[in-house]
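> How does the following fold in three dimensions:
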Amino acid sequence: MPLWSINTIVALLSFLIAAAFGKALIPFLHKLKFGQPIKMKFGPEWHAKKQGTPTMGGILFILSTTVAVGVGYGLYRGFCTNAAVSGVEPIDLNRGVQMFSCAIFAILFGLIGFIDDFKKVVQKKNDGLSPMQKIVLQVVVAAAWLGVQYWLGDRDTRLDFSFFSFDISWFYYPLMLLVILYLTNAVNLTDGIDGLCGTVTMVNMLLMTVICVLLSLQQMSIFTMALAGGCLGFLVWNLHPAKCFMGDTGSMYLGASVVAVGLVTHQHLVLLLVALLYILEALSVVIQVTYFKYTKKKYGEGRRIFKMTPIHHHFELSGFSEYKIVITFSLFALVMGILGLLLVLFV
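Numbering: from 1, shown residues only. This next block holds a predicted model:
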């Protein structure tokens, strides 16, 4: 069985589990009153009507991806005994462990998000975990994951920008720790309108599947395809008008998945392009806050560059519908991802 067949089965299985399980999970979340609290300072005023929509829906693609990865790896192991017949590269156990380390890493970040969601919707603590609590937990998990990669033999400390690369020695690890923190939280910020984060991440995972195969990271492609299928299954319930939100449970899981797969490839410029939409979403917040504080200090009145951040809210307040934003942002992610793919192919 060729790799593309295994990946197709994995994606389809993940899609079906996420889509079907939503039929049971969403009424259950409704029954438990796990409704999303809407803070008007973080979104347009018409988002108030979304108050009470069940959150923690990210459980759908976390469950589906986890099951599909297990099934896919079993198929991969079963059909790799004769690589000449199957068309699949011989088994590299370290690569398999690396794939599962990425899956576990994402689950742990999803668990941090779950704790945050639980505090907000069950314990009625509007702010959930404090920023410091989140950062400490994220640093611990991220440092442990980087340590596992080192233990698995991944000790390449070069920054690879396709056209050139250079070794930064031990400084690579604290730098990648910062990259993990920034990107995971950037993906979290992208989850602001119905269907946006799930669609963009699905597009990115499909592109990363091709990139992983080209880089002979076949086992990692099982994870990326499982996640792509899970995101599609979740979108059955999350496209506008959303019947459930992924919550921090889902967005933290997706963020960790994106950055883990990107760092495993060691194609840092490619990761920058593939994740550029998320990066710009977070950067818009940094620019807005910095400019507001600067103008308030200088002129006594804070001024804004964007109508609202993250930047998808700026487009929303400029008259874009949620559907149009999802399509536009996903196309942008697709174009950037294709550029990254071309770098892998030709540079």
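> From the structure, what's the count of residues near residue 217?
24 (other CB atoms under 10 Å). Every residue, glycine included, has its C-beta placed from N, CA and C.
> Wait, it touches residue 264, no?
Yes - in this structure residue 217 lies within contact range of residue 264 using CB atoms under 8 Å: 6.8 Å.
> Let me see the ranges of the strands in the stretch 151-300 of the chain.
Here the stretch 151-300 of the chain has its strands, by DSSP state E, counting those that start in this stretch, at 158-160, 165-167.
> Which secondary structure state does the closest residue to residue 292 other than its chain neighbours sit in?
Of all residues not flanking residue 292 in the chain, residue 302 sits nearest, at 4.1 Å (CB to CB, 6 or more residues apart in numbering). Recorded secondary structure, residue 302: coil (DSSP: H, G, I helix; E, B strand; the rest coil).
> Let's see the pLDDT reported for residue 166.
Note for residue 166: predicted pLDDT of 94.
> and it, what is it in contact with?
Residues near residue 166 by CB atoms under 8 Å, 6 or more residues apart in numbering: 158-159.
> What residues are bridge-paired with it?
Note on residue 166: beta-bridge partners by DSSP bridges are residue 159.
> center of this structure - which residue?
Geometric centre of the chain, nearest residue: residue 254, 2.6 Å, by CA atoms, centre = their mean.
> What are the neighbouring residues in contact with the closest residue in space to it that isn't next to it in sequence?
Closest residue in space to residue 254, ignoring its immediate chain neighbours: residue 201 at 4.9 Å, by CB to CB, 6+ apart. Residues in contact with residue 201 (CB under 8 Å, 6+ apart) are 187, 227, 231, 254, 257-258.
> Mind checking which of those are in helices?
187, 227, 231, 254, 257-258 (DSSP state H).
> any idea which of the residues you listed is the one closest to residue 161?
residue 258 (18.7 Å; CB to CB).
> Pipe the ones in helices among the contacts of residue 201 into a markdown table and attach pLDDT per row.
Shown next, in a markdown table, are the ones in helices among the contacts of residue 201 (pLDDT from 0 to 100):
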| residue | pLDDT |
| --- | --- |
| 187 | 97 |
| 227 | 98 |
| 231 | 98 |
| 254 | 98 |
| 257 | 98 |
| 258 | 98 |
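> elements contacting the helix or strand containing residue 25?
Per DSSP states H and E, residue 25 falls inside helix 3-31. Helices and strands touching helix 3-31, by 3 or more CB pairs under 8 Å, 6 or more residues apart in numbering; DSSP states H and E, are helix 59-78, helix 218-238.
> so of those helices, which one's packed in deepest?
Most buried of those by mean neighbour count (mean count of other CB atoms under 10 Å) is helix 218-238; its value is a mean of 28.
> which helices and strands sit right next to that one?
Packed next to helix 218-238, using 3+ CB pairs under 8 Å, 6+ apart, are helix 3-31, helix 59-78, helix 93-121, helix 196-214, helix 247-265.
> Go through the ones you listed and pick out the most buried.
Of the helices and strands packed on helix 218-238, helix 247-265 is the most buried (mean count of other CB under 10 Å), at a mean of 28.
> and the angle from it to helix 59-78?
Orientation check (axes from the mean of the first three to the mean of the last three CA atoms, to 10 degrees): helix 247-265 against helix 59-78 gives 30 degrees.
> what angle do helix 247-265 and helix 218-238 make?
Using the same axes, to 10 degrees: helix 247-265 against helix 218-238 is 160 degrees.
> Closest to residue 94 out of the contacts of residue 201?
When these are compared against residue 94 (criterion: CB to CB), the nearest one is residue 257, at 19.8 Å.
> got any ranges where the stretch 101-250 of the chain has weak pLDDT?
Within the stretch 101-250 of the chain, the segments meeting pLDDT under 70 span 124-126.
> at 80 instead, please
By pLDDT under 80, the low-scoring segments of the stretch 101-250 of the chain are 122-128.
> Which residue is the nearest non-sequential neighbour of residue 1?
Going by CB to CB, 6+ apart, residue 1 has residue 79 as its nearest residue, at 4.3 Å.
> Wait, that neighbour touches residue 9, no?
No - between residue 79 and residue 9 there is no contact under CB under 8 Å: 10.9 Å.
> Next one: residue 53, what pLDDT does it get?
pLDDT, residue 53: 88.
> And for the one 4 residues further on?
In this model, residue 57 is scored at 95, pLDDT.
> who touches it in this structure?
22, 25-26, 29, 234, 237-238, 244-247, 249-250.
> Pipe those residues into a markdown table and attach distance to residue 210 per row.
Formatted as a markdown table, the contacts of residue 57 follow (distance: CB to CB, whole Å):
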| residue | distance to residue 210 |
| --- | --- |
| 22 | 28 |
| 25 | 31 |
| 26 | 33 |
| 29 | 35 |
| 234 | 22 |
| 237 | 27 |
| 238 | 25 |
| 244 | 30 |
| 245 | 29 |
| 246 | 25 |
| 247 | 30 |
| 249 | 28 |
| 250 | 24 |
